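# Below are the sequence and a predicted model; questions follow.
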Amino acid sequence: MNKTLGIIGGTGWLGRAIAEALLDSRFIGPDRLLISNRSGVSTFGPDVRLLADNQQLVELSDRVVLSIRPEQFRELKIDARGKLVISLMAGVPAVAISAATGADVVVRAMPNAAVEIRQSFTPWYSAGNLGDHDRKWMQRLFECVGSADEVPDEDCIDYLSALSGTGPAFPAMLQMALTNQAVAAGIPLAIAQRAAQGVVVGGGQMLANRDPRQVIESLMAYRGVTAAALQSMADQNIESIVGRAVQAGAEIARKGM
Ligand SMILES: NC(=O)c1ccc[n+]([C@@H]2O[C@H](COP(=O)([O-])OP(=O)(O)OC[C@H]3O[C@@H](n4cnc5c(N)ncnc54)[C@H](OP(=O)(O)O)[C@@H]3O)[C@@H](O)[C@H]2O)c1
């Protein structure tokens, strides 16, 4: 692409992971990428320009990514009228971003920690009119760090912030519970840890190309050890536990941060 992309906060954890993926996949050349931060410390080679002045970055960029924390956004002063602004911030509504930056078109996107291994799922939503060309560009941008979907309304972003935005949180919780319960049942710690990791990591990889409903149905049909364990979770309404957990996170995102 020959547009210029500026990332405010592009040396932070998320901004840097995305910027590196965009460069590695040649989605953008280093001469078209601009980064700004306050410290002046760059994590990129000399070809990627680092700016201390956010307004200068906005003026030199066709599209501007906000990859700063919500509390840092409150201090940010930029005039981005006429620019496409893409926010990666959790819990900051598009209307607040438009009001603070003057941008007519604001895209909100919610990648997750798996950007690090380029396996994030990134839902994105455009508040304002995004042309076909920009829509395809947006989708391709987030595909550089995994998979992506445009979602039909902004509330999907707040809900999904608490679902896919949590990255490894839910599997980590499951892995920890399996480990602790195995230890409580008398399995030595190191073995419990390996067993639980095998379930979450090995099992997770198997699900990459299997339908989870079919997996569960076929295991239930077998009526063996696994079926008894799954039935116990179903009897305790695991779906409702998961549903309440995601809603609790989504409420925080909806309330704003
Ligand atoms: N972590 C996740 O899993 C995740 C997932 C989805 C979305 N997000 C969102 O991503 C955003 C960034 O999170 P993060 O974890 O990457 O934070 P982070 O590592 O703290 O990065 C923030 C970056 O912004 C820079 N910065 C702060 N204020 C600035 C300003 N006024 N002008 C220019 N640069 C500024 C900081 O650098 P200096 O200190 O040098 O200025 C830093 O490099 C958050 O809004 C979060 O909600 C995070």
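Looks like it came in fine. Numbering: from 1, shown residues only.
# okay but T4 is in contact with D62, surely?
Yes: at 5.1 Å, T4 and D62 qualify as touching, with contact defined as Cβ atoms under 8 Å. To be clear about C-beta, it is placed using only N, CA and C from the backbone, and glycine gets the same treatment.
# Which residues does the helix or strand A253 falls within contact?
Assigned by DSSP states H and E, A253 belongs to helix 238-255. For helix 238-255, contacts defined as Cβ atoms under 8 Å, 6 or more residues apart in numbering pick out A90, G91, D155, I157, D158, Y159, S161, A162, L163, G165, T166, F170.
# what would those residues look like in CSV with neighbour count and pLDDT?
Output for those, formatted as CSV (neighbours: other Cβ atoms under 10 Å; pLDDT from 0 to 100):
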residue, neighbour count, pLDDT
A90, 19, 96
G91, 15, 95
D155, 13, 98
I157, 26, 98
D158, 24, 97
Y159, 22, 98
S161, 24, 98
A162, 21, 98
L163, 19, 98
G165, 24, 97
T166, 18, 97
F170, 15, 98
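# Now do the same contact list for the closest residue to T101 other than its chain neighbours.
Leaving aside its chain neighbours, T101 sits nearest to A80 (4.2 Å; criterion: Cβ to Cβ, 6 or more residues apart in numbering). Counting by Cβ under 8 Å, 6+ apart, A80 touches V58, V64, T101, G102, A103.
# Please tell me how far the nearest residue to V92 once chain neighbours are set aside sits from the ligand.
Setting aside the residues directly before and after it, V92 is nearest to P70 in space (Cβ to Cβ, 6+ apart), at 5.2 Å. Applying Cβ to the nearest ligand atom, to the nearest Å, the value for P70 to the ligand is 5 Å.
# Burial check on P70, number of neighbours?
Per other Cβ atoms under 10 Å, the neighbour tally for P70 reads 15.
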